[in-house]
Each structure stands twice: as structure tokens, then as C-alpha cells.
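Colleague: quick one, structure for this:
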Amino acid sequence: MQGGRSEKETGESARIRLFESALRETKPQIDEAARLLQRLKTETLPEETKRRLFAEIAVLMTFVKRHANLKLLEEVQKTLPLQELHFCLRESAEALALLPVSMLYTQEMQAEETMDSARMWQMYDRFEAEMEAVLSQIDRLRMQLVSTKDSVELLLRMAGRQMPEKEARIVMPLAGTGKDSGVQGAEDARSEEYLATKVHIHDMLGQVLLSTRYYLTEQNVRVTEEELKASWQRVIGELQGGQVVTSSAKEPFAPDLRKALSDAATAIGLSLHTEGDFANASAALSREIVRAARVCMTNAVRHGAATEMKITLSAPGGARRPGDAGSAPTEAERRGRIRTVRFANNGLVPRDVTPGGGLKSLERRMEQAGGQITYEQGEEFTVILTLREGG
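Modeller: A predicted model of the protein is given here:
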């Protein structure tokens, strides 16, 4: 990590620095994914080979996504909860299963236990190196993550039709015990630059990874092979070019907000229903809704096995208390243009909501914008955003 940050560093240059730092160490994986994609685009391949190459790209780019997330977290925290390492391994296991690999992943740890941030990404990097070495041959994998009083251990047992059984043991010491997160650079943790970089990488990779999983595992998919190749070309091209969304190049969104949401849902196999005042949403509100929808859709499919989502947008001043439902908006509400967006899905309803990286970033973004995020757990699981549109 670079040190000695200049006090004069602008928000735009800070964002570029964070983006480049997060991706620098994953250049070999990005380049290898580009090579595999080029094969898909230029060679005439059997269907089984094409599906295997898409799966290998997903494994490599899952590592890029998770490694970048850990490096960005290291910017602001000396230690991280072990749950972050679990999230990395779990998502990698899901990607490896696409190869397909017969997979069993178990863990014995306390999620609130903490580990040195640098050691955590080093441990995940060592795991990735083991996987890359056997990526073209492996078809069976057993993973066990165990924490003890002083260390964290990851035991890997790998096998394949054309490879001998192999065992690897990765051990890293903990940085200490207890709940001291050792937060450093708290101002950076709240900054637009840090958050925008993290959200951009998460959204950019998360959607296409989920589209790949949908394409490889579901029947009668609405995403074509050519569309999937085009999506990977855009993402890999941006990563190889070191491009980053800056203040002078805002994230684009479709002028037709309903179409933007429909396209995002189609890419991951969700049936989407929209209701409410979408036609009058401002440009800024539309961007926030699309960004939030990507997170909510991804979580609904990955963690809740959802097949349907309903997004409801209130009219300005529509965030009312239940007892005020029949009364006219107050002057303050009209000036503030309070909007409520509800993302309800038909997936599994969690007993407890423990926000992961996507929802944590969304919560922080809402906090910065002066809004809030709440959750409803009834017959459906609903994420509710309340914010001021402005104007």
C-alpha cells in the first residue's frame, strides 16, 4: 500500500489511486481472463469447452473482486472480522462449482473474531494460487476453515481425473483477539472516494459474475452467449485499462429507468415488477435506484434463491408515517422531496439481517446522502431506502 498521502490529493486522484492499488496485484488474473475470453471469441469450440472457459473466467474474476475488496478494507482497518475471509472463500467456492467441481466447504470459527487485514488477503491469495495451479484439472475439492486461539487454518483437499490427490494447508496467525477493529483513517472510511471505488468494483464484477452463474446453471436463460461475452469484454477492458468512474465521468444509466432495472434483472434471471412514480425520478435519484437495485438483486439471487423482485417508488413526499397515509404532504416534505424505494423479493427470508459487503456499502452510501436503509422480514424480505431527491 502506498503511504504518505498528500493532503492536497483531490477526490478524483484519490479514487484513481485506490482503484489502481486494488487492481495492481491482480493483473495476472485479469490478463488470463482476457486470454480465455479471446479464445471464446475467436475459436470454434465444443459447447463443453466454452462452458468450462466461462467458468474459469468466473473463478479468476471472483478472486479479483474479493482481493480488491480486502485491499480496500486494509486502507481503513488494521484488522477485519474473520467473516470477511469466509465471504471470500464462500464466493470462490460458488464459482469453482461452475467448472463443475464437486464441492464441500465447511468452517469452524467465530465470525466476530478478528484477523490482521494484510494477513487475511495474503491467506486468500495463497488459496487462489493453489486453485490456479489446478484450475484446468480439478473436479473435487474439500475446504475447511478453522480458527484457534492463535491462528487461522485453511485445509484443502483437491483431486481430479487427470491429477493425483493433493492436500494443502494454509496457516496464518491472528493479530490478536477481541473486538478491537483497529480502525484507522476513519475520515477515509467515510469518504466518497473510498466508497465510490469499492461500490464501483463490487457492482461492475458482481452483476456479470451472477449473469455467468445464471447462464451456466439455469435452463431457458434469457442471456445469450454473445451478450455474456460482450459483458465480460466491457468489464475486463475497463479493468485492463485502469479506468475508474470519477467526478467528471459519472456512472451512466439508461434514461428509461424501468428499462435499466429490467436489463439488470434479466441478466441474472429475475422476474421484475415495478410500481410507482418512476417517470418523474431525477437523474441523481435514478442513479441511486439502479446502484441499489444491483446490490438487492444480487443478494436476492445469491443468498435467497429469489426468482422475483418488486421495486416500488413513492411519489415525492411519499415517505409518510402509517397514521399520516391519508393526509396531504407537509410543506417540508414537498420541499425535501422525500422518496421511498422498496425492493421486495420472493426468496428465503433471513432470520437475522447481517449486511455483507454490498449492503454495508449501500448503508454507508445512504448515510452520506442523508438517507437511511431499513429491512422488513415478513412473508417477503424487503430492503427499504428513504432519501431526499432534492429540488
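Colleague: next secondary structure after whichever strand or helix holds residue 293?
Modeller: Using DSSP states H and E, residue 293 sits within helix 283-304. Next along the chain after helix 283-304, taking DSSP H and E as the criterion, comes strand 308-313.
Colleague: show me which positions of that next one end up buried.
Modeller: Neighbour-count burial for strand 308-313 flags 309-313 (criterion: 16 or more other C-beta atoms under 10 Å). Glycine gets a C-beta too; all of them are placed from N, C-alpha and C.
Colleague: average pLDDT for the helix holding residue 293?
Modeller: Mean pLDDT, helix 283-304: 85.
Colleague: what ranges does the stretch 1-150 of the chain have for its strands?
Modeller: 79-81, 102-108, 114-116, 140-147 (DSSP state E, counting those that start in this stretch).
Colleague: for the stretch 251-391 of the chain, which segments count as strands?
Modeller: Going by DSSP E, counting those that start in this stretch, the stretch 251-391 of the chain shows strands at 271-276, 308-313, 338-345, 372-377, 381-388.
Colleague: other SSEs contacting the third one?
Modeller: The reference is to strand 338-345. helix 283-304, strand 308-313, strand 381-388 (3 or more C-beta pairs under 8 Å, 6 or more residues apart in numbering; DSSP states H and E).
Colleague: need these in JSON lines with distance to residue 341, can you?
Modeller: Formatted as JSON lines, the helices and strands packed on strand 338-345 follow (distance: least, C-beta to C-beta, whole Å):
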{"stretch": "helix 283-304", "distance to residue 341": "6"}
{"stretch": "strand 308-313", "distance to residue 341": "5"}
{"stretch": "strand 381-388", "distance to residue 341": "5"}
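Colleague: between those, which one is nearest to residue 38?
Modeller: Among the helices and strands packed on strand 338-345, the nearest to residue 38 by C-beta to C-beta is helix 283-304 (27.1 Å).
Colleague: quick one: the closest one to strand 338-345, angle?
Modeller: Taking axes from the mean of the first three to the mean of the last three C-alpha atoms, to 10 degrees, one finds helix 283-304 and strand 338-345 inclined to each other by 20 degrees.
Colleague: surely residue 258 and residue 276 touch.
Modeller: No. Applying C-beta atoms under 8 Å, one finds residue 258 not in contact with residue 276, separated by 10.2 Å.
Colleague: mind putting the strands of the stretch 251-391 of the chain in JSON lines, mean pLDDT and distance to residue 297 included?
Modeller: Putting those into JSON lines (pLDDT from 0 to 100; distance: least, C-beta to C-beta, whole Å) gives the following:
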{"stretch": "strand 271-276", "mean pLDDT": "91", "distance to residue 297": "8"}
{"stretch": "strand 308-313", "mean pLDDT": "93", "distance to residue 297": "6"}
{"stretch": "strand 338-345", "mean pLDDT": "91", "distance to residue 297": "8"}
{"stretch": "strand 372-377", "mean pLDDT": "88", "distance to residue 297": "15"}
{"stretch": "strand 381-388", "mean pLDDT": "88", "distance to residue 297": "10"}
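Colleague: tell me which of these is the most buried.
Modeller: strand 338-345 (a mean of 23; mean count of other C-beta atoms under 10 Å).
Colleague: what lines up beside that strand in the sheet?
Modeller: Sheet pairing for strand 338-345, assigned by DSSP bridges, gives strand 308-313 (antiparallel), strand 381-388 (antiparallel).
Colleague: what sits up against the shortest one?
Modeller: If you take C-beta atoms under 8 Å, 6 or more residues apart in numbering as the criterion, strand 308-313 is touched by 261, 265, 270-278, 281, 289, 293, 296-297, 300, 339-346.
Colleague: report the contact partners of residue 108.
Modeller: 144-147.
Colleague: okay, now the closest residue to residue 101 other than its chain neighbours: neighbour count?
Modeller: Spatial nearest neighbour of residue 101, chain neighbours left out: residue 141 (5.2 Å); criterion: C-beta to C-beta, 6 or more residues apart in numbering. Residue 141 sits with 22 neighbouring residues when counted by other C-beta atoms under 10 Å.
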